[in-house]
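Participant: Okay, here's the prediction I keep looking at, along with the sequence it came from:
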Amino acid sequence: MSKLRSIELGIILGTLIGSIIGFAIEKHNQRRTEVEGVEERSSDCLVLNLSRHFKDKEGNIVIAQWPNKPLWAALIFFSLKYLPNTTLQNISFWGFIFSLLYWSYLEIFHGVNSWRRSLGLIVSIGIVYKLLGKITL
């Protein structure tokens, strides 16, 4: 497997795993609030100084969320890349790039906390780096 494909696979898998974990954490926070009715105490935070970067407006810790439409599109385009047709491979590459760029745009400007905005920025920087590697002068 080439280095670029392993980076793409890492981005996709990391995003999906993070989204599933974040979804579980979000559901846990909702359930705990509903069942216990107790507001979050400072002892519940992983790191007191950094916890504000992971909290949304309601005070829930949100590291990742269930994948939205641009991430599903990126996953579909990523899987189409392995078809033998060269035209489909090119379409899937650019579809993958643009869907991840759109996702990172949404995270940067509409993310629920600073962690999500940072994640969008990191992904967009990675995509630009990948595109610069593809360009031959």
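Facilitator: Arrived safely. Numbers count the residues shown, from 1 in each chain.

Participant: which regions of this structure lie under the pLDDT threshold?
Facilitator: Within the chain, the set of residues satisfying pLDDT under 70 comprises 1-51, 67, 135-137.

Participant: if you go through it in chain order, where are the helices?
Facilitator: For the chain, applying DSSP state H gives helices covering 3-36, 69-80, 86-110, 114-134.

Participant: And the second one, what's buried?
Facilitator: What that stands for is helix 69-80. Residues 70-71, 73-75, 77-78, 80 are the ones in helix 69-80 that count as buried (16 or more other Cβ atoms under 10 Å). Any C-beta I mention is one placed from the backbone N, CA and C, and that applies to glycine too.

Participant: Just give me the closest of those residues to residue 56.
Facilitator: residue 71 (18.6 Å; Cβ to Cβ).

Participant: wouldn't that closest one be in contact with residue 99 here?
Facilitator: Yes: taking contacts as Cβ atoms under 8 Å, residue 71 lies within contact range of residue 99: 7.5 Å.

Participant: Return every residue with contacts to both of these two.
Facilitator: Counting by Cβ atoms under 8 Å, 6 or more residues apart in numbering, residue 71 and residue 99 have no common neighbour.
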